[in-house]
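Colleague: Test case, fold it:
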Amino acid sequence: VQLVESGGGWVQPGGSLRLSCLASGFTFSRYDMNWYRETPGKEREFLARITSARTMTRYADSVKGRFTITRYNAQNTVYLQMNSLKPEVTAVYYCRTQNSFTRNQWWGQGTQVTVSS
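Modeller: As a prediction, the model looks like this:
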(Lines give C-alpha, C1' and ligand atoms only; values in the text may rest on other atoms or scores of the structure.)
Protein backbone atom coordinates (compact mmCIF):
# COMPACT_ATOMS: atom_id res chain seq x y z
CA VAL A 1 0.00 0.00 0.00
CA GLN A 2 1.28 3.42 -0.89
CA LEU A 3 -0.25 6.85 -0.38
CA VAL A 4 1.51 9.84 -1.92
CA GLU A 5 0.35 13.35 -1.10
CA SER A 6 1.09 16.36 -3.27
CA GLY A 7 -0.12 19.89 -3.80
CA GLY A 8 1.22 21.52 -0.68
CA GLY A 9 3.25 24.70 -0.68
CA TRP A 10 3.18 28.31 0.34
CA VAL A 11 0.07 30.45 0.02
CA GLN A 12 -0.96 33.85 1.31
CA PRO A 13 -3.80 34.19 3.83
CA GLY A 14 -7.15 33.98 2.11
CA GLY A 15 -5.75 31.82 -0.66
CA SER A 16 -6.60 28.29 -1.72
CA LEU A 17 -4.81 25.02 -2.29
CA ARG A 18 -5.89 21.62 -3.50
CA LEU A 19 -4.08 18.64 -2.06
CA SER A 20 -4.01 15.29 -3.80
CA CYS A 21 -3.35 11.82 -2.48
CA LEU A 22 -2.55 9.14 -5.04
CA ALA A 23 -3.15 5.61 -3.78
CA SER A 24 -1.76 2.31 -4.97
CA GLY A 25 -1.43 -1.26 -3.80
CA PHE A 26 -5.04 -1.78 -2.81
CA THR A 27 -8.53 -1.55 -4.26
CA PHE A 28 -8.97 2.15 -3.74
CA SER A 29 -12.67 2.25 -4.55
CA ARG A 30 -13.45 -0.02 -1.59
CA TYR A 31 -11.79 2.09 1.09
CA ASP A 32 -12.87 5.17 2.97
CA MET A 33 -10.23 7.90 2.79
CA ASN A 34 -9.25 10.54 5.30
CA TRP A 35 -7.20 13.71 5.59
CA TYR A 36 -5.33 14.75 8.72
CA ARG A 37 -2.85 17.45 9.62
CA GLU A 38 -0.09 17.75 12.16
CA THR A 39 1.72 20.72 13.65
CA PRO A 40 4.75 20.53 15.95
CA GLY A 41 3.80 19.76 19.52
CA LYS A 42 0.23 18.77 18.70
CA GLU A 43 -1.49 15.48 17.99
CA ARG A 44 -2.37 14.64 14.45
CA GLU A 45 -5.80 16.16 13.82
CA PHE A 46 -8.60 14.60 11.80
CA LEU A 47 -9.92 16.90 9.08
CA ALA A 48 -12.19 15.05 6.68
CA ARG A 49 -13.41 11.64 5.55
CA ILE A 50 -15.10 10.38 2.41
CA THR A 51 -16.66 6.96 2.12
CA SER A 52 -15.68 4.48 -0.55
CA ALA A 53 -18.83 5.08 -2.59
CA ARG A 54 -18.64 8.85 -2.11
CA THR A 55 -22.02 8.74 -0.45
CA MET A 56 -20.93 10.39 2.77
CA THR A 57 -18.43 12.96 3.92
CA ARG A 58 -17.57 14.14 7.40
CA TYR A 59 -15.55 17.14 8.51
CA ALA A 60 -13.96 18.43 11.64
CA ASP A 61 -15.71 21.52 12.94
CA SER A 62 -12.51 23.50 12.41
CA VAL A 63 -12.69 23.10 8.62
CA LYS A 64 -16.40 22.87 7.85
CA GLY A 65 -17.39 25.26 5.12
CA ARG A 66 -13.81 25.90 4.01
CA PHE A 67 -12.41 22.46 3.14
CA THR A 68 -13.96 19.94 0.76
CA ILE A 69 -12.95 16.31 0.36
CA THR A 70 -13.61 14.53 -2.92
CA ARG A 71 -12.35 11.44 -4.67
CA TYR A 72 -11.93 10.18 -8.18
CA ASN A 73 -11.93 6.41 -7.99
CA ALA A 74 -10.95 5.95 -11.63
CA GLN A 75 -7.65 7.68 -10.84
CA ASN A 76 -7.16 6.29 -7.32
CA THR A 77 -6.99 9.81 -5.97
CA VAL A 78 -8.54 11.68 -3.09
CA TYR A 79 -8.46 15.46 -2.92
CA LEU A 80 -8.73 18.13 -0.27
CA GLN A 81 -9.77 21.54 -1.53
CA MET A 82 -8.83 24.19 1.00
CA ASN A 83 -10.21 27.71 0.72
CA SER A 84 -9.95 30.89 2.75
CA LEU A 85 -6.71 29.70 4.26
CA LYS A 86 -5.44 31.17 7.50
CA PRO A 87 -1.93 31.09 8.99
CA GLU A 88 -3.09 28.74 11.74
CA VAL A 89 -3.68 25.95 9.24
CA THR A 90 0.04 25.77 8.51
CA ALA A 91 0.87 22.10 9.01
CA VAL A 92 1.89 18.88 7.38
CA TYR A 93 -1.13 17.30 5.74
CA TYR A 94 -1.53 13.53 5.50
CA CYS A 95 -3.95 11.15 3.90
CA ARG A 96 -4.86 7.93 5.62
CA THR A 97 -6.85 4.80 4.96
CA GLN A 98 -7.73 1.76 7.01
CA ASN A 99 -8.86 -1.79 6.38
CA SER A 100 -12.15 -2.03 8.27
CA PHE A 101 -11.69 -5.76 8.90
CA THR A 102 -8.02 -6.03 9.91
CA ARG A 103 -7.82 -2.49 11.32
CA ASN A 104 -4.50 -2.04 9.53
CA GLN A 105 -3.97 1.58 8.61
CA TRP A 106 -1.70 3.35 6.19
CA TRP A 107 -0.45 6.92 6.01
CA GLY A 108 1.18 8.94 3.32
CA GLN A 109 4.44 10.80 3.84
CA GLY A 110 2.68 14.15 4.17
CA THR A 111 2.80 17.43 2.31
CA GLN A 112 3.69 20.75 3.91
CA VAL A 113 1.20 23.61 3.73
CA THR A 114 2.41 27.04 4.80
CA VAL A 115 0.06 30.01 5.01
CA SER A 116 1.78 33.32 5.59
CA SER A 117 2.10 36.79 4.19
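
Colleague: Could you give the bridge partners of the most centrally placed residue in the chain?
Modeller: Centroid-nearest residue in the chain, with CA atoms, centre = their mean: residue 35, separated by 2.8 Å. Beta bridges link residue 35 to residue 48, residue 95, judged by DSSP bridges.

Colleague: so where's the chain uncertain?
Modeller: Within the chain, no range satisfies pLDDT under 70.

Colleague: rerun that using 90 as the cut-off
Modeller: Within the chain, the set of residues satisfying pLDDT under 90 comprises 40-41, 53-55, 100.

Colleague: Helices along that one, start to end?
Modeller: Assigned by DSSP state H, the helices in the chain number zero.

Colleague: who's in contact with the residue nearest to the centre of the chain?
Modeller: By CB atoms under 8 Å, 6 or more residues apart in numbering, the contact list for residue 35 reads 19, 21, 47-49, 67, 69, 78, 80, 93-96. Yep, even glycine has a C-beta here, placed from its N, CA and C like the rest.
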